[in-house]
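Student: give the three-dimensional model of this entry:
(2 chains)
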Number of protein chains: 2
Amino acid sequence: MTASIDDLISRAISGERLAVAKLISLVEDGGSDLGIVMEKLFVHTGSAYTIGITGAPGAGKSTLTEALVTEMRAEDHKVAVLAVDPSSPFTGGALLGDRVRMQNHATDEKVFIRSMATRGHLGGLSLATPEAIRVLDAAGNDYIIVETVGVGQAEIDIVETADSTVVVLNPGWGDSVQAGKAGLLEIADIFAVNKADREGAKQTVRDTEQMIHYGPARDWTPPVQETVATKPTGVRELWAWIKAHRAHLEKSSELQLRRRARISKEISDIVAESVKAKVAENSAGLLAQLVSKVEQRKIDPYSAAQALLDTLGS
Amino acid sequence: MTASIDDLISRAISGERLAVAKLISLVEDGGSDLGIVMEKLFVHTGSAYTIGITGAPGAGKSTLTEALVTEMRAEDHKVAVLAVDPSSPFTGGALLGDRVRMQNHATDEKVFIRSMATRGHLGGLSLATPEAIRVLDAAGNDYIIVETVGVGQAEIDIVETADSTVVVLNPGWGDSVQAGKAGLLEIADIFAVNKADREGAKQTVRDTEQMIHYGPARDWTPPVQETVATKPTGVRELWAWIKAHRAHLEKSSELQLRRRARISKEISDIVAESVKAKVAENSAGLLAQLVSKVEQRKIDPYSAAQALLDTLGS
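Tutor: Just a heads-up that it's a prediction; the model follows:
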């Protein structure tokens, strides 16, 4: 198996699309080869820049992504789009259908588009996403766009694996999501008010700018860019903002700090998931006994967990 | 501190509302006393039945919950409502505002209503929710309704801590969420088509029933109940379905199996989070060194995690 993995990896590094796709499937499945793949792949990573795109369903994220890819291609960058759906293991198909709309780039050898849903991977998509990004990084992509379906906590975890995060709003989002915006403010580097040819766009821009104004002070004040992804208008400006944000991060060394924090979180997540896997494999009998005791209310779950931790020697 | 915890717990068990509220805050904060609280509380739990209510924002979950509480109170049950918001640590306020609408029960001593958002708790709400349920269980509630804000993966994790799960749909939900429904089908024990006085209700009922029909065969076929929570109509029938589902689970011993699986998952989650906390506390120096090596691409994250695992003695 290792031989064929070596082969897959060298083919992926040379940019062979099928090999890249297979490696991402391998990441999704989260099988036992994952550690080996990551170990071998890792030295070939580090040159890609990742952009997270999130926002409510129907906000126009896919169309905006497609228009951004056009801008990137005009500058001859090699681009990958990773569409991640944490809402359900069953919606992968729907999202994939969405992808079909990215027809403009379907025949472009330098654009790679891929949907990803949770499959066997321990730790779910928040662990699988950085790994899939590494595959795309090693395959020589200059930019990797990570697009999510919705705006829940799971999506926030996912876009936090990106270097720059674009939050897509629509005119007239209204009060019901003001609260959600507050959560998004924390993660947004750039706001795009998409469908800006609709009524209320100026108001949404003003509301968002006010929200940023009253939010925590930061070195980088998130710009609010109007876009109409379908035309497209405002997308070149959005792309300019992304590059400006990148320049800011690189100049201020915040890029390094962000990436360092992400590595630290990823390592702890892997540790936690490995321990879970170890418990499931090696301590299944003890776990079953403890569950039975908890069921009978002889011990509580925390004491049961402690008993398991003791056998792990820690 | 332990003395005052003993005091808090005995007051909570006797049903004192302030003590219950304080214990839930303690659970939310996820402080170092959590293990002690759970250990002491646990023997007093096991009699409550939990009902999860999930659905898209605006589907009418709060109003439906309020109407269900009325039905439960008519049978003199003691009831608690736990409204959980995983979407953002910042939307707690908004949800709390929603709670204010439950005016009908505000002065009822046998109804306890509480919102909960992620605070310091390691493992987040999917670990904090079963603990808060235990507090409400020990406080002598017959029924505990766990209501979520949205329908993402985080919400699904949360409602899976319930014995019976009600998924709330609306007429005309349409194609855009068909995909989401597929994920919901897996967790729904009962569907409520709320706002059933609107156009398209019958069609939504038919669509949902068809979806159930084509879904995996189960011992319990989820019923689809039309409701108008604001009137209310159909809520007594919904409450009857919940009781029927409970009777089914108890008769088929599936209740025991479900609860057992949840205990097992909870113990592994506690183990994983404890290991993370241990790494952060005792191995911060080693972790920083490993992060630095990963940054320089001298090692990959999986190998770094393994190095940490080795120091844990496992």
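
Student: now do stretch A:259-269, average pLDDT.
Tutor: The predicted model gives stretch A:259-269 an average pLDDT of 90.

Student: just the buried residues of it, please?
Tutor: Buried residues in stretch A:259-269, counted by 16 or more other Cβ atoms under 10 Å in any protein chain shown: A:R259, A:R262, A:I263, A:S264, A:K265, A:E266, A:I267, A:S268, A:D269. (C-beta placed from N, C-alpha, C; glycine too.)

Student: and those residues near chain B, which?
Tutor: Within the set of the buried residues of stretch A:259-269, contact with chain B (Cβ under 8 Å from any Cβ of the partner chain) is found for A:R259, A:I263, A:S264, A:E266, A:I267, A:S268, A:D269.

Student: wait, isn't the fifth one in contact with B:L308?
Tutor: In this case it means A:I267. Yes: with contact defined as Cβ atoms under 8 Å, A:I267 reaches B:L308; the gap is 6.8 Å.

Student: returning to that earlier point: secondary structure added to the buried residues of stretch A:259-269, as TSV?
Tutor: Compiled in TSV, the buried residues of stretch A:259-269 are given as follows (DSSP: H, G, I helix; E, B strand; the rest coil):
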residue	secondary structure
A:R259	helix
A:R262	helix
A:I263	helix
A:S264	helix
A:K265	helix
A:E266	helix
A:I267	helix
A:S268	helix
A:D269	helix
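
Student: where does A:R218 sit: helix, strand or coil?
Tutor: When the structure is reduced to helix, strand and coil (three-state DSSP), A:R218 reads as coil.

Student: how many other residues sit next to it?
Tutor: For A:R218, the count of nearby residues is 11 (other Cβ atoms under 10 Å in any protein chain shown).

Student: where does the stretch 151-300 of chain A have low pLDDT?
Tutor: A:151-154, A:173-183 (pLDDT under 70).

Student: and the strands in it, which stretches?
Tutor: Counting by DSSP state E, counting those that start in this stretch, the stretch 151-300 of chain A has strands at residues A:164-169, A:190-193, A:224-226.

Student: domains for chain A, by residue range?
Tutor: Structurally, chain A divides into domains by automatic domain parsing as follows: A:45-252, A:265-311.

Student: pretty sure A:D189 is in contact with A:E160, am I right?
Tutor: No: with contacts counted by Cβ under 8 Å, A:D189 stays clear of A:E160, the gap being 11.2 Å.

Student: the two: which has the busier surroundings?
Tutor: Between A:D189 and A:E160, counted using other Cβ under 10 Å, the more crowded position is A:D189 (25 against 20).

Student: can you pull the contacts of that one?
Tutor: Taking Cβ atoms under 8 Å, 6 or more residues apart in numbering or on different chains as the contact definition, A:D189 lies against A:S164, A:T165, A:V166, A:W220, A:P222, A:H245.

Student: got a list of what the fourth one touches?
Tutor: Counting by Cβ under 8 Å, 6+ apart, A:W220 makes contact with A:D189, A:H245, A:H248, A:L249.

Student: enumerate the residues of the stretch 201-314 of chain A near chain B.
Tutor: Checking the stretch 201-314 of chain A against chain B by Cβ under 8 Å from any Cβ, the hits are A:256, A:259-260, A:263-264, A:266-276, A:278-280, A:287-288, A:290-291, A:294-295, A:297, A:299-306, A:308-309, A:312-314.

Student: counting only helices, which of those residues make the cut?
Tutor: Members of these lying in helices (criterion: DSSP state H): A:256, A:259-260, A:263-264, A:266-276, A:278-280, A:287-288, A:290-291, A:294-295, A:301-306, A:308-309.

Student: narrow those residues to those that are buried.
Tutor: Of all these considered here, the ones buried according to neighbour count by 16+ other Cβ under 10 Å are A:259, A:263-264, A:266-276, A:278-279, A:287, A:290-291, A:294, A:301-306, A:308-309.

Student: ok, A:P301 touching B:I267?
Tutor: Yes: assessed by Cβ under 8 Å, A:P301 is found in contact with B:I267 at 5.3 Å.

Student: joint contacts of those two?
Tutor: Common neighbours of A:P301 and B:I267, using Cβ under 8 Å, 6+ apart, are A:V294.

Student: ranges for the helices of chain A?
Tutor: Across chain A, reading from the start of the chain, the helices by DSSP H fall at A:2-13, A:17-29, A:34-42, A:61-74, A:92-100, A:125-138, A:153-159, A:178-185, A:201-214, A:235-251, A:254-282, A:284-295, A:301-311.

Student: now these as CSV including distance to B:I145?
Tutor: Listed next are these as CSV, based on distance: least, Cβ to Cβ, whole Å:
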stretch, distance to B:I145
helix A:2-13, 49
helix A:17-29, 35
helix A:34-42, 40
helix A:61-74, 34
helix A:92-100, 30
helix A:125-138, 29
helix A:153-159, 21
helix A:178-185, 22
helix A:201-214, 33
helix A:235-251, 43
helix A:254-282, 30
helix A:284-295, 23
helix A:301-311, 22
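
Student: what's the local residue count around A:E131?
Tutor: Here the number of neighbours of A:E131 (other Cβ under 10 Å) works out to 25.

Student: any idea how far it is from A:D33?
Tutor: Taken as Cβ to Cβ, to the nearest Å, the spacing of A:E131 relative to A:D33 amounts to 12 Å.

Student: also A:Y302?
Tutor: For A:Y302, the distance to A:D33 under the criterion Cβ to Cβ works out to 35 Å.

Student: how about A:I270?
Tutor: Per Cβ to Cβ, A:I270 is found 15 Å from A:D33.

Student: ok, now A:R134?
Tutor: Noted for A:R134: a distance of 14 Å to A:D33, by Cβ to Cβ.

Student: cool, A:T165 as well?
Tutor: Look at A:T165 and A:D33: by Cβ to Cβ, they are 31 Å apart.

Student: which one of those two is surrounded by more residues?
Tutor: Set side by side, A:T165 and A:D33 show more neighbours around A:T165, with 25 against 16, by other Cβ under 10 Å.

Student: that one against A:V159, yeah?
Tutor: Yes: taking contacts as Cβ under 8 Å, A:T165 lies within contact range of A:V159: 4.9 Å.

Student: for these two, list the residues in contact with both.
Tutor: Overlap between the neighbourhoods of A:T165 and A:V159 consists of A:G52, A:I53, A:T54, A:I187, taking contacts as Cβ under 8 Å, 6+ apart.

Student: for the first one, what are its contacts?
Tutor: The contact partners of A:G52, by Cβ under 8 Å, 6+ apart, come to A:145-148, A:158-162, A:164-166, A:187.

Student: just put those residues in a markdown table and tack on distance to A:D108.
Tutor: Compiled in a markdown table, the contacts of A:G52 are given as follows (distance: Cβ to Cβ, whole Å):
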| residue | distance to A:D108 |
| --- | --- |
| A:I145 | 14 |
| A:V146 | 19 |
| A:E147 | 17 |
| A:T148 | 23 |
| A:I158 | 25 |
| A:V159 | 25 |
| A:E160 | 29 |
| A:T161 | 25 |
| A:A162 | 22 |
| A:S164 | 23 |
| A:T165 | 25 |
| A:V166 | 22 |
| A:I187 | 30 |
